[in-house]
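**Student:** sequence? don't have it. structure:
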Ligand code: GTP
Ligand code: MG
């Protein structure tokens, strides 16, 4: 594999994980990257980062830079900075709290208004119905209803996930990456320096905030 990769392609993809407070964004990332889960809740402040190296095929290596945006950031004014140059997103809600589903469209429209593919299309977004190990709170979870919801609101797909039970997180990521690879954005990602978080458009104040977070 290493030999093949020397002549193959490497991509760095910035992927956002957004949604209301406490829906499980940090837990999903921890499960995906570190294979860990904790019941303790510590709210993310600002933004956090994680990197997952994903051998895609013998010729392609993908570095997924996961941006874990704090739920409370929907009320701040930093999301435009955080979203910049993202090529994909997960919008997460908690199936056991209906209010977090109601906020999904607020996150989606914030996303679509602040970041776009070069051709003007929205970046691929996958909806995650997290904590599916728990009881759904008055939500209609029939596949056809959520399929329709995704079609109407510009999500490429939805998955029931559980960070606790490790359900569907790998599958959702595979699908998102597949869509990112298929999108027009790919040519922009090819020659980027891996691990190089682009902070160029931040003001000094923004940069300090992001770093300290
Ligand atoms: P903010 O950082 O405040 O935006 O929250 P977050 O979306 O990052 O939530 P976090 O991952 O910190 O999880 C919040 C709480 O939900 C924690 O107590 C987790 O243990 C719990 N949790 C996360 N995912 C799951 C899950 O799939 N099932 C269950 N039962 N609990 C979960
Ligand atoms: Mg968090």
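**Tutor:** Cool, got the structure. Model, not experiment: these values are computed from the prediction. Ligands and ions are numbered 1, 2, ... in the order given.

**Student:** which other helices and strands contact the longest helix seen in the chain?
**Tutor:** Of all segments of type helix in the chain, defined using DSSP state H, the longest is helix 169-182. Applying 3 or more CB pairs under 8 Å, 6 or more residues apart in numbering; DSSP states H and E, we find helix 169-182 packed against strand 9-19, helix 25-34, strand 47-57, strand 60-69, strand 88-94, strand 125-130, strand 157-160. (Each C-beta comes from the backbone N, C-alpha and C, glycine too.)

**Student:** Minimum distance to residue 182: which of the ones you listed has it?
**Tutor:** strand 88-94 (11.0 Å; CB to CB).

**Student:** Which strands border that closest one, and is each parallel or antiparallel?
**Tutor:** Sheet pairing of strand 88-94 (DSSP bridges) gives strand 9-19 (parallel), strand 125-130 (parallel).

**Student:** The longest one vs helix 169-182, what angle?
**Tutor:** Just to be clear, that refers to strand 9-19. If you take axes from the mean of the first three to the mean of the last three CA atoms, to 10 degrees, strand 9-19 sits at 120 degrees to helix 169-182.

**Student:** now the last one
**Tutor:** Strand 125-130 and helix 169-182 are oriented at 170 degrees to each other (the same axes, to 10 degrees).

**Student:** orientation of the next helix or strand after strand 125-130 relative to strand 88-94 in degrees?
**Tutor:** Tracing the chain past strand 125-130, the next element assigned as helix or strand by DSSP states H and E is helix 143-153. Angle, helix 143-153 to strand 88-94, by the same axes, to 10 degrees: 130 degrees.

**Student:** give me the number of residues near residue 125?
**Tutor:** Burial measure for residue 125: 25 neighbouring residues, criterion other CB atoms under 10 Å.

**Student:** quick one: it from residue 60, how far?
**Tutor:** Shown here: residue 125 relative to residue 60, a distance of 22 Å by CB to CB, to the nearest Å.

**Student:** Next: residue 145.
**Tutor:** 36 Å.

**Student:** cool, and residue 104?
**Tutor:** From residue 104 to residue 60 the distance is 31 Å (CB to CB).
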